[in-house]
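Q: sequence plus the predicted model coming up.
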Amino acid sequence: MLHRKMYPVWLIAPALIIYAVLYIYPTLSGFYYSFTDWSPYKDTINFVGLDQFKELFGSKALYTIMKHTVIYAAIVTILQNGVGVVLALFLNAPLAGRNFFRSLYFLPCILSALVVGYMFTTVLHPDGIFNHMLGAIGLSSWERDWLGDPKIALYSVAFINVWQWAGSSMALYLAGLQGISKDMLEAAVIDGTTYFQRLRYVIIPTLSPVVSTSVMLSMIGSMKAFELIYVTTGGGPGGATEVMNIHIYKQFGSGLYAYGTAANVVLFVSVGIVSIALMKLLQRGENAA
């Protein structure tokens, strides 16, 4: 009897060990080292309590960086899900070649962020394809240094992120749309509803759980953004696109391991708080729907 009870435990034990070694231990270690003076320039590691956090929160730069992170995450989350819903609704209709277009829009998701970043560095260069295209259609006044102008660089990188990951949200919404009962939609049609009425009162409420999942994934991913921003702007120009992970990377690059770890803990806690708050808000919306 004991052997039978232990059998499922042995099956999941390898996964639990890997999870503990690769996630739980590094996470707990990170919390510990954030309370030390860990540095490659010191022979010993000393416990310093909240000193790293006091220095971190005493820096005005932190609040600017957190503002960039929140703005970036908000833009990406809203646009990624908005574009994803529109693509899903369009490609859920009986159109010729819709499977081809589904694959085409999902393709950027499988590309490396480094590849996407280097590609758009060329596209959005002042002498790049995008500005040449604007000039060709008579919109030369709109030409900009999209990644070099501090006023628009953060928004430019956010749009690149949306371009890459909108297909992921599209796939989630497509799965949700295909799970909606055809009988329900046919009944709504028989009742004389318009497409937008069906969208408002049938489709969107049914998709509420999918919306919650997609919004949470895009929000968490954008708050932890690093590769795309690092490749396209490196946090510049003048710190205009410096988000938390870029800031953490710079601290580790300067040998400020403990300070960087403390910043990482702040990011971890911030993502956790925002996730819980957003989850409650989305659940309230699901219940209302």
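A: Nice, thanks for sending it over.
Q: ok, now which ones touch the nearest residue to His68 once chain neighbours are set aside?
A: By the measure of CB to CB, 6 or more residues apart in numbering, the closest residue to His68 outside its immediate chain neighbours is Val243, 5.2 Å from it. For every residue, glycine as well, the C-beta is placed using N, CA and C. The neighbours of Val243, taking CB atoms under 8 Å, 6 or more residues apart in numbering as the test, are Ile65, His68, Thr69, Tyr72, Ala225, Phe226, Ile229, Gly235.
Q: got a winner among those for most neighbours?
A: With neighbours taken as other CB atoms under 10 Å, the top of the contacts of Val243 is Ile229, carrying 27 neighbours.
Q: touching, that residue and Ile246? I think so.
A: Yes. Counting by CB atoms under 8 Å, Ile246 is a contact partner of Ile229 at 5.8 Å.
Q: okay, and the common contacts of the two?
A: Residues touching both Ile229 and Ile246 comprise Gly235, with contact defined as CB under 8 Å, 6+ apart.
Q: can you list the buried residues in stretch 117-127?
A: Residues Gly117, Phe120, Thr121, Val123, Leu124, His125 are the ones in stretch 117-127 that count as buried (16 or more other CB atoms under 10 Å).
Q: any idea of the pLDDT on the fifth one?
A: To tie it back to what came earlier, the one meant is Leu124. At Leu124, the predicted lDDT confidence score is 95.
Q: the second one too?
A: According to the prediction, Phe120 has pLDDT 96.
Q: thought it was touching Ile160?
A: Yes. Using CB under 8 Å, Phe120 is in contact with Ile160, at 4.9 Å.
Q: and the gap between the residue nearest to His68 and Tyr63?
A: Val243 sits 13 Å away from Tyr63 when distances are taken as CB to CB, to the nearest Å.
Q: same deal with Val211?
A: Computed as CB to CB, the Val211 to Tyr63 distance reads 31 Å.
Q: which of the two has more residues huddled nearby?
A: Here Val211 and Tyr63 are set side by side on neighbour count (other CB under 10 Å), and the busier one is Val211, at 22 against 10.
Q: from Gly285, how far out is the more buried one?
A: Following CB to CB, the distance that separates Val211 from Gly285 is 8 Å.
Q: restricting to C-alpha, output whichever strand or helix holds Ile220 in PDB.
A: Taking DSSP states H and E as the definition, Ile220 sits inside helix 208-223. Listed next in PDB are the C-alpha coordinates belonging to helix 208-223 (Å, rounded to 0.1, in the frame of the first residue of the first chain):
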ATOM      1  CA  SER A 208     -12.900  36.400 -20.400                       C
ATOM      2  CA  PRO A 209     -10.700  33.600 -19.000                       C
ATOM      3  CA  VAL A 210      -8.500  33.700 -22.100                       C
ATOM      4  CA  VAL A 211      -8.200  37.500 -21.800                       C
ATOM      5  CA  SER A 212      -7.000  37.100 -18.200                       C
ATOM      6  CA  THR A 213      -4.400  34.600 -19.200                       C
ATOM      7  CA  SER A 214      -3.100  36.600 -22.200                       C
ATOM      8  CA  VAL A 215      -3.000  39.900 -20.300                       C
ATOM      9  CA  MET A 216      -1.100  38.300 -17.400                       C
ATOM     10  CA  LEU A 217       1.500  36.700 -19.700                       C
ATOM     11  CA  SER A 218       2.100  39.800 -21.700                       C
ATOM     12  CA  MET A 219       2.300  42.000 -18.600                       C
ATOM     13  CA  ILE A 220       4.800  39.800 -16.800                       C
ATOM     14  CA  GLY A 221       6.900  39.300 -19.900                       C
ATOM     15  CA  SER A 222       7.100  43.000 -20.700                       C
ATOM     16  CA  MET A 223       8.000  44.000 -17.100                       C
END
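Q: elements contacting it?
A: helix 60-91, helix 153-178, helix 257-288 (3 or more CB pairs under 8 Å, 6 or more residues apart in numbering; DSSP states H and E).
Q: chain center to it, what's the gap?
A: 8 Å (CA atoms, centre = their mean, to the nearest Å).
Q: the helix or strand that that helix is followed by: which residues count as buried?
A: Next along the chain after helix 208-223, taking DSSP H and E as the criterion, comes helix 227-232. The neighbour-count criterion (16+ other CB under 10 Å) identifies Leu228, Ile229, Tyr230, Val231, Thr232 as the buried residues of helix 227-232.
Q: what's helix 227-232 packed up against?
A: Helix 227-232 sits against helix 113-123, helix 153-178, helix 244-253, with contacts defined as 3+ CB pairs under 8 Å, 6+ apart.
Q: residues making contact with that helix?
A: In this structure, residues lying in contact with helix 227-232 by CB under 8 Å, 6+ apart are 112-114, 116-118, 120-121, 124, 147, 156-157, 160-161, 164, 235, 241, 243, 245-246, 249.
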